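> sequence? don't have it. structure:
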């Protein structure tokens, strides 16, 4: 499947699970998006664990933008911040188009807390990381499992329940919104 | 605490009460309808049959090696820092978990939803030991607060209304809750449970998968509570049945492809979590989680060695067998299982919770095959249910009188047919001169009055056969009719219709006179020895090599011959070949007309106007025939009006309708309501058992009555004069 087909499928399936998806051309846009949505919702803190390991320059840029906009950026010891985190910000490791699933290595406790205990979750998804189905990710997943301990999360939408009269309700325990920003740096 | 009736009398009392619960009836009916649609949509464009087969084969390949898989899992998980325990019994599992709690100075525990923990009554044990346990799945939390067990494996609180939840939450929070603000009530849970997560020292979960090659457990959840339970507390204990062991990630992903789609019609559950070893956890010793995995045997390893029942271990706990069960739909999970509910629950209850708890509920199966047709792992659930029933009868050594009589009668065809002929005389005082009995015979109580019973025919088909069946000079096909008892002794006119059509289309029919009951009633009553004996009689009477096809007007006989004969006579030298030949030649009426004779619409002029159709369980699921009857109605020039739930059981189920008349009556009522809603003048079906039930029910209706006929009759009547 072509990359743009994967993106189209991902977007279509994401809609079915109330995930908002936009496409962006550079990481900077993701930072601005996260800051804007946080402020709009009356939040003041963004948790972005794991970004330092992935891209320390990007983290500095993010920090500067947050400061400019009066938003607090936290990246570690998140357990002590539970209750204050509005937005969890991560970069997804992989994704599955047919179910609009993000694959997030969550072996770090901070990543888990940011993606589970924030009010909303904003995830950047590099377009090249989208595969058609979960089976196509078998090797990548196995690699993570074979280097334990590990905690790999499939995330497809926001936390939901239908336990009261089967009425679909979003946001029971985890984040109440999932925003996926598909980053395609080679877009012309 | 869960209590399940130990005898049918008490059980019927519970069922009657449940049938009066209109909220339950409406909720589960709506659920069943929307489930069908969302499931179909979720599997759209996928090779569902292929996937189910792959899952079944994968599971069957690992079930004999659970202990080997366990050894591998243990090695991998221990290398990753997890501690592995084996519990032989439910009590042992609870004690192991309590001692882990004690060793780690635990006071408060949060739990993710786990059927395995329900199986062992873990909460009760931990609470007795002084721990504070909080269920964190919303549905589980609700039923925990109410002191109930789950009524569905995936939606544990489906039996409760928003008003009941609001009342409960008002009590918990001390603030009044608006029942129509479901979102608001969900937020109550979010707030209340957030505190529990933060305060807990230990989290307990089950697992959907235990992947041997990496020592990984997989958890499938929607709410995200499973993630919090495995993240916040410093201790994590996973209680996992041995049956969850699976060789590799690929096998797990394959099951995952079907599990959420089959459970709730979701392409995937919101969160799927793969945990390998003791992960990062700030408050844990050395910043690591104290991670324990307890494997529960509780009979599973013995079950794995059982040649018949090991199939039950394929179950992936999707709950689909309950979703589609017409009985579950009427009475809910609290009346359809013990801890495990639905079709798989009737089976597992016997193995995990004992004969006493299984005895009554295991009889409550129509054998309608709805569960089997949606099982994600291809388990032959109705067959296993009957096998459990048979086992219970055998173990208890107390056969009901009706079983003893049935065995006596069926094993001797002459005696059996003599008794049926005598029935004509015996019923005379009860019949009102028509073809229905006007007064219930003395041995049936008032509950059986929901349908009129048919009068046994004056002259059975076999006694008329030579007179009515013409010899044709150059027939296209030579076809044997397997009549079945109901056509032979109650509705010979259905066969007469067939004879008329056979003559028209130049088919030579034969009626092998030594044929007898197909034996399905014996199987339904757990009498497989009798079922085997009559199968042999029929194979001797009907030699498949003498005919081009073997036709049946009764879907139940047809599917029993096709599916159960090979099983009943497996390994019987000589018979095996005949069974295979029989299976290849058995055909239902509509398929024969449409696919073999390919009858043309020019021959017909549609004698009736508006026709509704009831799809018999043993035709649409037993023989997998769905299109042909509907096409045949069109071929015959009949105006077919689709009804709601055409393929849902009419409630007959042979002896079922005598054992559980209330259930049978309610299913019949719903069926006839749906038929009436179409505005049809005639209701057509292709099984004489269904005709008996539907016609009897229609007769009891006050308002305008719809004629009920076998499809062969309306097609024969529609032949151009």
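Arrived safely, thanks for sending. These numbers were taken from a predicted model, which means no experiment stands behind them.

> how about the strands in the stretch 451-600 of chain B?
B:477-482, B:507-510, B:549-552, B:586-588 (DSSP state E, counting those that start in this stretch).

> actually chain A, not the one I typed
Using DSSP state E, the strands of chain A run over residues A:20-24, A:45-47, A:72-74, A:87-91, A:94-96, A:101-105, A:120-126, A:130-131, A:150-155, A:160-161, A:169-170, A:177-183.

> report the residue spans of chain A with pLDDT below the cut-off.
Applying pLDDT under 70 to chain A flags residues A:1, A:186-188.

> which residue is nearest the centroid of it?
Nearest residue to the geometric centre of chain A (C-alpha atoms, centre = their mean): residue A:123, 2.3 Å.

> I figured that residue hits residue A:94, correct?
No: if you go by C-beta atoms under 8 Å, residue A:123 and residue A:94 don't touch, sitting 11.5 Å apart. Any C-beta I mention is one placed from the backbone N, CA and C, and that applies to glycine too.

> overlap in contacts, the two.
Any residue near both residue A:123 and residue A:94 by C-beta atoms under 8 Å, 6 or more residues apart in numbering or on different chains counts here, and that gives residue A:102.

> how much space separates residue B:654 from residue B:370?
Noted for residue B:654: a distance of 16 Å to residue B:370, by C-beta to C-beta, to the nearest Å.

> name the residues that touch stretch A:71-88?
Residues contacting stretch A:71-88 (C-beta under 8 Å, 6+ apart): A:34-35, A:37-39, A:41, A:43-49, A:51-52, A:59, A:62-63, A:66-67, A:109-110, A:113-122, A:175, B:198, B:282-283.

> hmm, try it at 6 Å
A:34-35, A:38, A:43-49, A:52, A:63, A:66, A:110, A:113-115, A:117-122, B:282 (C-beta atoms under 6 Å, 6 or more residues apart in numbering or on different chains).

> so who does the residue in chain A sticking out farthest from the centre touch?
What lies farthest from the middle of chain A is residue A:165; by C-alpha atoms, centre = their mean that is 30.0 Å. Shown in contact with residue A:165 (C-beta under 6 Å, 6+ apart): residue B:162.

> now do the end-to-end distance for stretch B:55-70.
For stretch B:55-70, the first-to-last residue distance is 20 Å (C-alpha to C-alpha, to the nearest Å).

> now residue B:150: closest residue in space, sequence neighbours ignored.
Computed as C-beta to C-beta, 6 or more residues apart in numbering or on different chains, the closest residue to residue B:150 that is not its neighbour in sequence is residue B:156, at 3.4 Å.

> pull the number of nearby residues for the one you found.
Per other C-beta atoms under 10 Å in any protein chain shown, the neighbour tally for residue B:156 reads 28.

> okay, and it sits in which element?
Under the criterion DSSP states H and E, no helix or strand holds residue B:156.

> need the pLDDT of it.
Here, the pLDDT recorded for residue B:156 equals 94.

> low pLDDT regions in the stretch 401-550 of chain B?
B:429-434, B:438-445.

> can you pull out the helices in it?
With helices called from DSSP state H, counting those that start in this stretch, the stretch 401-550 of chain B shows them at B:401-411, B:413-427, B:461-468, B:485-489, B:492-504, B:520-524, B:528-541.

> who touches residue B:202 in this structure?
Residue B:202 makes contacts with B:101, B:106, B:109, B:233, B:235, as judged by C-beta under 6 Å, 6+ apart.

> just confirm the first one is within a helix.
If I follow you right, that is residue B:101. Yes: counting by DSSP: H, G, I helix; E, B strand; the rest coil, residue B:101 is part of a helix.

> pull the contacting residues for residue B:486.
B:688, B:689.

> want to try JSON lines for the strands of the stretch 451-600 of chain B, with mean neighbour count and distance to residue B:146 as columns?
Converted to JSON lines, the strands of the stretch 451-600 of chain B look like this (neighbours: other C-beta atoms under 10 Å in any protein chain shown; distance: least, C-beta to C-beta, whole Å):
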{"stretch": "strand B:477-482", "mean neighbour count": "21", "distance to residue B:146": "52"}
{"stretch": "strand B:507-510", "mean neighbour count": "20", "distance to residue B:146": "61"}
{"stretch": "strand B:549-552", "mean neighbour count": "25", "distance to residue B:146": "50"}
{"stretch": "strand B:586-588", "mean neighbour count": "25", "distance to residue B:146": "48"}
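
> tell me which of those strands approaches residue B:638 most closely.
strand B:586-588 (17.8 Å; C-beta to C-beta).

> higher neighbour count, residue B:654 and residue B:370?
Under the neighbour definition other C-beta under 10 Å, residue B:654 and residue B:370 were set side by side, and residue B:370 has more, 27 against 18.

> for that one, what are its contacts?
For residue B:370, counting by C-beta under 6 Å, 6+ apart, the contacting residues are residue B:324.

> go on, the one 4 residues further on?
For residue B:374, the contacting residues are B:320, B:324, by C-beta under 6 Å, 6+ apart.

> what residues does chain A have near chain B?
A:79, A:99, A:101, A:107-109, A:112, A:116, A:134-135, A:138, A:142, A:145-146, A:148-154, A:156-157, A:159-161, A:163-165, A:167, A:169, A:172-174 (C-beta under 6 Å from any C-beta of the partner chain).
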